[in-house]
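A.B. asks: got a structure for you, letters missing:
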């Protein structure tokens, strides 16, 4: 028998933590973004605008997998809608179920969301790595549950094999390195380093201070989030921090997660106070030094979930890849169906709800007419839409429309 347990408070997750950690280690192509540590850091930073919705699938009394979601209120012109989504931060980070049986977990949780837990209007799952098994199995889970889904393109990522650079690439890198270093040397003596502490090792206070300075122009919530992620990665012995400094001032960093034979760069950041040319030089210098050190160490698998600008990667054999976004509007939700017809979330991913999202809507009579005629709808604000939103007769028909 399939059973779903829902966890809606951080304290409740304490009992789930051992299972989560165990199944995270068995998840194929797992990213730190699927870990309990990431979810905890995310909740501590953004919990004031979110609700926890973590689902544990059990079959025959035995845990099978976890789908960690959050419920986010989003303001639109039809009112506030409840959006279920992954704990994402507008980066190319990739999410999915936690556990070895991705297909069964996603199927069971989607069935629960369709039949038992209906306290939501829109299901927005992104980004999902198109190359991993999460993508195909997510689509199949929607189809098996007879839930219509829009498959959209999500944030792009980049992959690179440091060991694959040839002699010409190496020569070009040395030239780039010399030019970039001469530019940033105007700020003082240039120091580059790559910091990979062992588990439970305290983070170097100088580096942590430098990171804090780089985070100054970010929102308080993002500062809290990245501070927590950095410490949790260091405590787990998985932190990879490449940085460039002049004196005691950090000009930029590449913050990553290192695993078995693979490094995932989660965040690339350069000091916002630098002139544009100097900022690009610092980034190119940092990237080139890190790449050459990785090539020398025989590293073969890099991923950029927060890719640097194309100009910094132009000289390297980078493979760009697409992530997918899966969008489903609840058939019982009037607001969800209205937003589906005007394509609001197709144009505006929910993203990080620090700044409330505002949608637009065409008059309801036009929506119904266009839907009946099979004509694509547009999204223009209309006073008539707000006036007629409470009328019940046409809305009943909209609620019966299926994805």
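C.D. replies: Noted; the coordinates are in hand. This structure is a prediction, so every number in the text was calculated from the model and none was measured.
A.B. asks: tell me the contacts of residue 256?
C.D. replies: With contact set as Cβ atoms under 8 Å, 6 or more residues apart in numbering, residue 256 has these partners: 239-242, 263-266. From N, CA and C alone the C-beta is placed, and that goes for glycine too.
A.B. asks: all helices of the stretch 151-300 of the chain, in order?
C.D. replies: For the stretch 151-300 of the chain, applying DSSP state H, counting those that start in this stretch gives helices covering 167-184, 205-214, 220-235, 276-296.
A.B. asks: And the contacts of the second one?
C.D. replies: When contacts are taken as Cβ under 8 Å, 6+ apart, the neighbours of helix 205-214 outside the stretch itself are 195, 223, 226-227, 230, 241, 243, 245, 248-250, 252-253, 255, 269-271.
A.B. asks: Could I have the ChimeraX command that selects the buried members from those?
C.D. replies: Only the buried entries of the contacts of helix 205-214 go into this ChimeraX selection, using 16 or more other Cβ atoms under 10 Å:
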select :223,226,227,230,241,243,245,250,252,253,255,269,270,271
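A.B. asks: quick revisit: could I get the helices of the stretch 151-300 of the chain as TSV with mean pLDDT and distance to residue 40?
C.D. replies: Output for the helices of the stretch 151-300 of the chain, formatted as TSV (pLDDT from 0 to 100; distance: least, Cβ to Cβ, whole Å):
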stretch	mean pLDDT	distance to residue 40
helix 167-184	80	37
helix 205-214	93	19
helix 220-235	93	8
helix 276-296	89	28
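A.B. asks: nearest to residue 1, of those helices?
C.D. replies: helix 220-235 (35.8 Å; Cβ to Cβ).
A.B. asks: Tell me the buried residues in the closest one?
C.D. replies: So helix 220-235, judged by 16+ other Cβ under 10 Å, has buried residues 221-235.
A.B. asks: and what of stretch 1-20?
C.D. replies: Buried-residue list, stretch 1-20, by 16+ other Cβ under 10 Å: 4, 7, 13, 16, 19-20.
A.B. asks: contact partners of it?
C.D. replies: With contact meaning Cβ under 8 Å, 6+ apart, stretch 1-20 is reached by 35-36, 39-40, 43, 47, 51-61, 63, 66, 98, 108-109, 111-112, 116-117.
A.B. asks: For it, measure first residue to last.
C.D. replies: 21 Å (Cα to Cα, to the nearest Å).
A.B. asks: For residue 161, which of the helices of the stretch 151-300 of the chain is the nearest?
C.D. replies: Short answer: helix 276-296, nearest of these by Cβ to Cβ, at 9.1 Å.
A.B. asks: I'd like to know which elements that closest one is packed against.
C.D. replies: helix 167-184, strand 190-195, strand 239-246, strand 249-259, strand 262-270, helix 310-313 (3 or more Cβ pairs under 8 Å, 6 or more residues apart in numbering; DSSP states H and E).
A.B. asks: Next SSE downstream of it?
C.D. replies: strand 302-304 (DSSP states H and E).
A.B. asks: Counting by contacts, list what that next one packs against.
C.D. replies: Using 3+ Cβ pairs under 8 Å, 6+ apart: strand 302-304 touches strand 157-160, strand 262-270.
A.B. asks: among those, which is nearest residue 78?
C.D. replies: Taking the helices and strands packed on strand 302-304 one by one with Cβ to Cβ, strand 157-160 is closest: 33.0 Å.
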